[in-house]
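Peer 1: Based on what follows, work out the 3D shape:
(4 chains)
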There are 2 protein chains.
Amino acid sequence: MRTITMEEIARAAGVSRSHVSLAYRNAYGIKPEVREHILAVGRQLGYRHNRIAAQLAGGSTGTIGVYLQDLHNDLFADIFDGLRDVSEPAGRQLVLAIGHTDGSRDAAALETLLESRVEVIVAAGLMISDRDVFTVLGSTPLVSIARHIDTADSVVSDNAVGAHLAVNHLVELGHRRIAFLANPPTDGYGERRAGYLATMRQHELNPQIIEGSYSRRECASIIAAMLLSANTPTAIFAHNDQAALGAMDAIISAGLKPGVDISVVGYDNTGQSQSPSAALTTIDIHGVELGRMAGESVLIRLGNPEAPRTSHHVEPTLVVRATTGPPVRG
Amino acid sequence: MRTITMEEIARAAGVSRSHVSLAYRNAYGIKPEVREHILAVGRQLGYRHNRIAAQLAGGSTGTIGVYLQDLHNDLFADIFDGLRDVSEPAGRQLVLAIGHTDGSRDAAALETLLESRVEVIVAAGLMISDRDVFTVLGSTPLVSIARHIDTADSVVSDNAVGAHLAVNHLVELGHRRIAFLANPPTDGYGERRAGYLATMRQHELNPQIIEGSYSRRECASIIAAMLLSANTPTAIFAHNDQAALGAMDAIISAGLKPGVDISVVGYDNTGQSQSPSAALTTIDIHGVELGRMAGESVLIRLGNPEAPRTSHHVEPTLVVRATTGPPVRG
DNA sequence: CGCGTTTTCGAGAGCGCTCTCGAAAAGTGT
DNA sequence: ACACTTTTCGAGAGCGCTCTCGAAAACGCG
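Peer 2: Coordinates of the predicted model:
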């Protein structure tokens, strides 16, 4: 089908091309009735505004690039919801890029966003180093969610506090052998680990770190293996809910009951942890709120690229559900 | 920062603008060493290919629009994975549009995709009517996932078969009062309902339809209310896993045990249903495979817009887990 | 009714790229 | 060495739009 252009509408409506353009952007400087008429003609001709051309000509695209680590993790859906809550009313278009959980394609994903000439990028769950982020982004502003990056605005949750909350809760229940099911060691993601370590030290307990991953399944097999070894911990604090759920999978499969035989604490308070069937005790980082605040930072940054860097905090909170309880043996 | 263009690279590298273009598309007709040289100069100058301009000038964008109903439903993450499995090696860019679970923004989401001049759209979980889809899409080809649309290629799962599988399984376990927790009545989504009805009739059982929604939480409260009424069913077959999980939430909260006091069957076999803690008996529609096949259909359609319409089927299978068992009372 | 001011309109340039097409260079065969 | 084919290169047009800028129309006021 031949693509129909503004030129044709202009001719059909008896106005100039520039007026058709004004009409479609409902900009100032055109009489309402003329605008209506143009739009009517456009509709009748089956015209569809060409965003590609508009963006090229306009110089700026006005779009927001959004990087989300993983569609299988509900936290990112929460963040997206928050982001959309604020970007949609502002009339900004979101351009999505989805990562791979091993972080291997992060740079490429950002690059794609950049080639699409987004004006600012908001990223949640980036796994590459601060340095690499900086290198690929250059001068494009970034709003980082849940991770502090020096060269970017950020909206973060204090992970040290969250880890502290989790460990303290377990200690109060009487646990002493508390293991941390850790995330892969990537830049900027050591806070939960560090918070765990610090709090354990504070209580004069021996830390035990189990190297985990972002995959529920992998975590399940890691914990399954651990369960077979001697001297297993009485509680597991996982770096996120996915991992915690994986741990629970292993525990349940082993015929044990989370919260009774072994306690589990997650992190993020994703939808999956909230269900009565999981009933996971976890740290709520308030994902929707994180997304919303990031959206606001984006809007500010878009309005003034020279604005001073900001860093917002959302306080993590402990949500006690059924997967934590006193240890079976002191 | 001033944007740097091909023109400047051409000057710096001592070649023509058109050669720089060829180099970046690694097209035929340029000596490898010249190409390398151009790329090196570009890298040094900090050049970034402008996709917007390229798409305008090139006439075609080569991009695939992807509509996903809901990021909170793991099924769509599966579908996306499948889609990406095939589009990425083919070097096609995916442009995402995410719906709202009430379907209110579907038309707008498709419109956005269209304005970005995607060449084909693949949609999973569209809630608007066939007619509306057709109206907004016009001549842009569509590949519909999990829903048959006359004017589009489709990759579907036979929902009647799936529903049959689910109901039969329950009947074999001895259930007779089997309720269907239904999805909102939108076009093209009646197959599971119809399949349920047909199978119930076949077994000469009285159907009982509970109007549900796409929201887990809403389904939970609907089932919670139902549980208080007299003559509750001994088994619930839900239109999808989200709904089934919601039903389980209500059942567990009521102090009952799914699979013992009341059986639950879901639909989709999403990641959430697979975990030992949920252990939901469900119908596997093989989401990743659905996505993959849709991706292949897209590639074919892109290669030949005039190719005959195709409709692929993926056979649904029953996955028995822990939420189904014999009824407590006949 | 004329003058200045505001609003509405149209022509034209140009965003950064791709692509066609003809010229130049390189390769082939006798 | 010459004509001929094949490959490499450059000039120029143009994708569909936005935006600037000056002309025309409409308005306000003495």
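Peer 1: from what I can see residue A:65 touches residue A:120, true?
Peer 2: Yes. Residue A:65 is within contact range of residue A:120, at 7.0 Å (criterion: C-beta atoms under 8 Å). To be clear about C-beta, it is placed using only N, CA and C from the backbone, and glycine gets the same treatment.
Peer 1: Wait, residue A:238 touches residue A:263, no?
Peer 2: No. The criterion here is C-beta under 8 Å, and residue A:238 misses it with residue A:263 at 11.1 Å.
Peer 1: And the two? Which one has more around it.
Peer 2: Each of residue A:238 and residue A:263 has its neighbours counted (other C-beta atoms under 10 Å in any protein chain shown); residue A:238 has more, 30 against 27.
Peer 1: What separation is there between the nearest residue to residue A:83 once chain neighbours are set aside and residue B:13?
Peer 2: In space, and not counting its chain neighbours, residue A:83 is closest to residue A:291: 4.3 Å by C-beta to C-beta, 6 or more residues apart in numbering or on different chains. Here the criterion is C-beta to C-beta, to the nearest Å. By it, residue A:291 lies 43 Å from residue B:13.
Peer 1: which of these two has more neighbours?
Peer 2: Set side by side, residue A:291 and residue B:13 show more neighbours around residue A:291, with 28 against 20, by other C-beta under 10 Å.
Peer 1: So for the more buried one, what's the pLDDT?
Peer 2: Note for residue A:291: predicted pLDDT of 97.
Peer 1: What of residue A:65?
Peer 2: 96.
Peer 1: Any idea what it is bridged to?
Peer 2: For residue A:65, the beta-bridge partners are residue A:95, residue A:121 (DSSP bridges).
Peer 1: Nearest residue to the spatially most central residue of chain A in space, please, no chain neighbours.
Peer 2: The centroid of chain A falls nearest to residue A:124 when counting by C-alpha atoms, centre = their mean (3.4 Å). Nearest in space to residue A:124, with sequence neighbours left out and distances taken as C-beta to C-beta, 6+ apart, is residue A:145 at 4.0 Å.
Peer 1: hey, what's that neighbour bridged with?
Peer 2: Bridge pairing for residue A:145 - DSSP bridges - gives residue A:124, residue A:155.
Peer 1: That one: neighbour count?
Peer 2: So residue A:145, with other C-beta under 10 Å, has 31 neighbours.
Peer 1: check contacts around it.
Peer 2: The contact partners of residue A:145, taken as C-beta atoms under 8 Å, 6 or more residues apart in numbering or on different chains, are A:79, A:122-125, A:154-156, A:290-291, A:294.
Peer 1: what helix or strand is the residue in the stretch 151-300 of chain A that DNA strand D sits nearest to on?
Peer 2: Nearest residue of the stretch 151-300 of chain A to DNA strand D (C-beta to the nearest atom of the strand) works out as residue A:299 at 18.5 Å. Per DSSP states H and E, residue A:299 falls inside helix A:287-303.
Peer 1: Let's see that helix as PDB, backbone CA atoms only.
Peer 2: Extracted in PDB, the C-alpha atoms of helix A:287-303 (Å, rounded to 0.1, in the frame of the first residue of the first chain):
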ATOM      1  CA  GLY A 287       9.300  -1.700  43.300                       C
ATOM      2  CA  VAL A 288       6.400   0.300  42.000                       C
ATOM      3  CA  GLU A 289       7.400   3.200  44.100                       C
ATOM      4  CA  LEU A 290      11.000   2.800  42.800                       C
ATOM      5  CA  GLY A 291       9.700   2.900  39.300                       C
ATOM      6  CA  ARG A 292       7.600   5.900  39.900                       C
ATOM      7  CA  MET A 293      10.400   7.900  41.500                       C
ATOM      8  CA  ALA A 294      12.700   7.000  38.700                       C
ATOM      9  CA  GLY A 295      10.000   8.200  36.300                       C
ATOM     10  CA  GLU A 296      10.000  11.500  38.000                       C
ATOM     11  CA  SER A 297      13.700  11.800  37.900                       C
ATOM     12  CA  VAL A 298      13.600  11.100  34.200                       C
ATOM     13  CA  LEU A 299      11.100  13.800  33.700                       C
ATOM     14  CA  ILE A 300      13.200  16.300  35.600                       C
ATOM     15  CA  ARG A 301      16.400  15.300  33.700                       C
ATOM     16  CA  LEU A 302      14.600  15.600  30.400                       C
ATOM     17  CA  GLY A 303      13.400  19.100  31.400                       C
END
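Peer 1: returning to what we had before: surely the residue nearest to residue A:83 touches residue A:85?
Peer 2: Yes. Residue A:291 lies in contact with residue A:85 (C-beta under 8 Å); the separation is 7.4 Å.
Peer 1: Enumerate the positions of the helix or strand harbouring residue A:193 that are buried.
Peer 2: Element membership for residue A:193, per DSSP H and E: helix A:191-202. Burial within helix A:191-202, assessed by neighbour count using 16 or more other C-beta atoms under 10 Å in any protein chain shown, is assigned to A:191-193, A:195-197, A:199-200.
Peer 1: try stretch A:84-91
Peer 2: A:84, A:86-87.
Peer 1: okay, the residues you listed in TSV with secondary structure and pLDDT next?
Peer 2: Shown next, in TSV, are the buried residues of stretch A:84-91 (DSSP: H, G, I helix; E, B strand; the rest coil; pLDDT from 0 to 100):
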residue	secondary structure	pLDDT
A:84	helix	96
A:86	helix	96
A:87	helix	94
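Peer 1: could you pick out which of those are near chain B?
Peer 2: residue A:84 (C-beta under 8 Å from any C-beta of the partner chain).
Peer 1: which of the buried residues of stretch A:84-91 lies closest to DNA strand D?
Peer 2: Among the buried residues of stretch A:84-91, and counting by C-beta to the nearest atom of the strand, the member closest to DNA strand D is residue A:87, at 19.6 Å.
Peer 1: give me the number of residues near the residue lying closest to that closest one once chain neighbours are set aside?
Peer 2: Of all residues not flanking residue A:87 in the chain, residue A:295 sits nearest, at 5.3 Å (C-beta to C-beta, 6+ apart). Neighbours of residue A:295 under the rule other C-beta under 10 Å: 28.
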